[in-house]
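1. predicted structure and sequence below. I'll ask about it afterward.
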Amino acid sequence: MAARAYVNEQQVSCVFCRFDRFDRREIKLNTTGMSFMGLDWANKAATGLVCAQCGYIQMFLDPAIRYEDA
């Protein structure tokens with residue numbers, strides 16, 4: 001369900017279309033070494049905010065994201 005997102009109390013908007021509703025996804029930040037050893041699951045993850053209008057993905061690493069249902 002798409003929601004408004006705030007990072008450090010700043011409302012996030014899509015950098016492509018300026019829409020302000022996002023779906024969230026966990027995005028693994030794969031590295032060559034960990035993939036080579038079959039340890040992809042151990043890589044860090046970022047929070048992906050997917051624009052509900054155009055699908056553009058913005059990634060945030062360890063932010064304090066607050067969500068507000070529309």
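-> Nice, thanks for sending it over.
2. spatially, what comes nearest to residue 49 if we skip its sequence neighbours?
-> residue 22 (4.1 Å; CB to CB, 6 or more residues apart in numbering). C-beta here means a position set from N, CA and C on the backbone, and glycine is covered the same way.
3. how about the secondary structure of the residue nearest the centre of the chain?
-> Centroid-nearest residue in the chain, with CA atoms, centre = their mean: residue 48, separated by 1.3 Å. When classified by DSSP: H, G, I helix; E, B strand; the rest coil, residue 48 comes out as strand.
4. so what's it up against?
-> Contacts of residue 48 were listed using CB atoms under 8 Å, 6 or more residues apart in numbering, and they are 24, 25, 26, 27, 57, 58, 59, 60.
5. show me what it is bridged to.
-> residue 25, residue 59 (DSSP bridges).
6. pLDDT score for it?
-> On pLDDT, residue 48 comes in at 95.
7. ok, it to residue 12 distance?
-> Taking CB to CB, to the nearest Å as the measure, residue 48 falls 12 Å from residue 12.
8. cool, and residue 59?
-> Going from residue 59 to residue 12 by CB to CB gives 12 Å.
9. look at these two and report which has more neighbours.
-> residue 12 (18 against 13; other CB atoms under 10 Å).
10. how about that one, phi and psi?
-> Main-chain dihedrals, residue 12, degrees, to the nearest 10: phi -90, psi 140.
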